[in-house]
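# Okay, here's the prediction I keep looking at, along with the sequence it came from:
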Amino acid sequence: MKTSLKHLSILKITPRIAALAFLLSAAGVFIFDLPTASAQTTSKHIRPSPDRGPTGPTGTTGATGATGAGVQGATGSTGATGSNGTTGTTGTTGTTGTTGTTGTTGTTGAIGAMGATGATGATGSSGLDGSTGATGATGIGALADYADFFALMPSDNAATVGIGAPVDFPQDGESSGTGVITRMTSSTFVLSEPGVYQVLFQVSVSEAGQLGLALDSGSGFVVLPSSVVGRATGTSQIVGITIIRTSVVNSFLQVRNSSGFSALTITPLAGGTSPVSAHLVITRLQGPGGPTGFTGPTGFTGPTGATGATGATGPG
C-alpha cells in the first residue's frame, strides 16, 4: 500500500495527532487527505486497505517536529538514594586563639555560720597503771622513843623542894635507847628532836601543894599552865599527865614546885616501910615523818576516742 505523508510536515497540528496519523497510515487503515494551507483537518473518506504486499524498506526518518505544547506529565517517583561517598580527609587544625584576659576577681562571699559541733567521741580506755614508786624511809613511829626516870625516897630528894625548884629523878628506868629522850642532870631532861610528847609524872608529898612541867625552848624555863596539878590536904600523891609539842631541837624539861607559897617535902616510906618511888615517863607520840617515796611513772595514755561527726556547714 502506498502511503503519502507529503503534507504532514506542513500541517499545523499537534505532535501527538501527527504521530497517530503516521501510525495509521503505515498500517493501511486509512489516509488523511489534508489540505495544504488549512488550519483545520477534514476527513474526506476512509476505505478498507486491499491485501498488502511485502513491506518496503524503511524510509529515512523525517525531520523532528516542533515541540508540542502538551500538558506536563506527573512527576515520576523518587529514585533510590545513592550510596554514601567516601569521607573526606580531616582538615588541618587551626591555630590556637589568643588567651583572653583574666576577669576581675569577684568579692569574697560572707562567711557562713559555724556548723553545729559534732558529737564527742567515745572516751579512750584508761592507760596502764604506772609501777609503784620506791617506798620511802620509815618515819619514826608512835611510841618509838620513850624513857622512864625515877627517884626512891629515902635517900633521893632528901631536902625539901623549894618554890620554883625542880624535883630530882636521878635514876634511869627503861628507855628506847634511841637518844631522843635523855637526861642532862638529875632534874633536867633533853628532848632532842621536835615532835609531840606525852609526859606523865607522879610524886608523893607531905604538904598541900602543886607541881607542873617547865619547858625551855631556848628562852628559859616557863611553867606550862596546862600541866599544873596539885592537892589541898592529906599525904596522897600528886599525879600529872600532859601532851606537849616542841618545835626546836634540844628542848629542856623539868618537873617544878609551882605552888608559889611553900617548899614541898617528898614523902619517904609513905604508907609502909619500903622506899616510895617518884616517876617521870616521857614518850614521843609523833616525830618528823620519813621522806615521801618516789612517784611511779605515769601510765600509758589510752587510745584517742573516735572523732565526732562533722557539724552541718553554715550558709554561704
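Yep, it's here.

# Do a quick rundown of the strands in the protein.
With DSSP state E, the ranges of strands along the chain come out as 145-153, 171-175, 181-183, 189-191, 195-204, 209-216, 221-223, 229-231, 237-246, 251-257, 276-286.

# Who are the packing partners of the second one?
Where contact means 3 or more CB pairs under 8 Å, 6 or more residues apart in numbering; DSSP states H and E, strand 171-175 is packed against strand 145-153. Where you see a C-beta, it was placed from the backbone N, CA and C, and this is true even at glycine.

# Go through the strands of the chain and name the closest to S126.
Proximity to S126 (CB to CB) singles out strand 276-286 among the strands of the chain, at 37.2 Å.

# got the CA positions of that closest one in PDB?
Provided in PDB are the C-alpha atoms of strand 276-286 (Å, rounded to 0.1, in the frame of the first residue of the first chain):
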ATOM      1  CA  VAL A 276      58.500   5.100 197.800                       C
ATOM      2  CA  SER A 277      59.200   5.900 194.100                       C
ATOM      3  CA  ALA A 278      58.500   9.000 192.100                       C
ATOM      4  CA  HIS A 279      58.500   8.700 188.300                       C
ATOM      5  CA  LEU A 280      58.800  10.800 185.200                       C
ATOM      6  CA  VAL A 281      57.800   8.900 182.000                       C
ATOM      7  CA  ILE A 282      58.300  10.700 178.600                       C
ATOM      8  CA  THR A 283      57.100   9.200 175.400                       C
ATOM      9  CA  ARG A 284      57.300  10.700 171.900                       C
ATOM     10  CA  LEU A 285      54.000  10.200 170.100                       C
ATOM     11  CA  GLN A 286      54.800  11.800 166.800                       C
END
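
# what about it, average pLDDT?
The predicted model assigns strand 276-286 a mean pLDDT of 96.

# Tell me the strands beside it, with direction?
The strands beside strand 276-286 in its sheet (DSSP bridges) come out as strand 145-153 (antiparallel), strand 195-204 (antiparallel).

# got the angle for that strand vs strand 251-257?
150 degrees (axes from the mean of the first three to the mean of the last three CA atoms, to 10 degrees).

# Start the count at 265 instead of 1 going forward.
Okay, using 265 as the starting number, the last item reads as strand 540-550.

# what's the angle from strand 540-550 to strand 435-439?
40 degrees.

# Counting neighbours, which bits of strand 540-550 end up buried?
By 16 or more other CB atoms under 10 Å, the buried positions in strand 540-550 come out as 540-550.

# circling back: for T446, find the nearest of the strands paired with strand 540-550.
Using CB to CB, the nearest of the strands paired with strand 540-550 to T446 is strand 409-417, at 7.2 Å.

# which residues touch that closest one?
Here strand 409-417 makes contact (CB atoms under 8 Å, 6 or more residues apart in numbering) with 421, 431-440, 442, 444-447, 453, 468, 530-534, 539-548, 551.

# closest to G504 out of the strands paired with strand 540-550?
Per CB to CB, nearest to G504 of the strands paired with strand 540-550: strand 459-468, 5.3 Å.

# okay, the angle between the closest one and strand 473-480?
Using the same axes, to 10 degrees: strand 459-468 against strand 473-480 is 150 degrees.

# Which among the strands paired with strand 540-550 is found nearest to T565?
Of the strands paired with strand 540-550, nearest to T565 by CB to CB is strand 459-468, at 43.0 Å.

# Am I right that S491 is in contact with I507?
No: using CB atoms under 8 Å, S491 is not in contact with I507, being 9.5 Å away.

# Show me where the chain dips below the pLDDT cut-off.
Counting by pLDDT under 70, the chain shows low-confidence ranges at 265-316, 332, 334, 400-407, 499, 552-558, 560, 580.

# if we can go back for a sec, mind putting the strands of the chain in JSON lines, distance to G569 included?
Formatted as JSON lines, the strands of the chain follow (distance: least, CB to CB, whole Å):
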{"stretch": "strand 409-417", "distance to G569": "55"}
{"stretch": "strand 435-439", "distance to G569": "62"}
{"stretch": "strand 445-447", "distance to G569": "60"}
{"stretch": "strand 453-455", "distance to G569": "58"}
{"stretch": "strand 459-468", "distance to G569": "50"}
{"stretch": "strand 473-480", "distance to G569": "62"}
{"stretch": "strand 485-487", "distance to G569": "65"}
{"stretch": "strand 493-495", "distance to G569": "68"}
{"stretch": "strand 501-510", "distance to G569": "52"}
{"stretch": "strand 515-521", "distance to G569": "59"}
{"stretch": "strand 540-550", "distance to G569": "47"}
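
# And the ones you listed: which comes nearest D393?
Per CB to CB, nearest to D393 of the strands of the chain: strand 540-550, 31.8 Å.

# Can you lay out the strands paired with strand 540-550 as JSON lines showing distance to L475?
Shown next, in JSON lines, are the strands paired with strand 540-550 (distance: least, CB to CB, whole Å):
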{"stretch": "strand 409-417", "distance to L475": "13"}
{"stretch": "strand 459-468", "distance to L475": "6"}
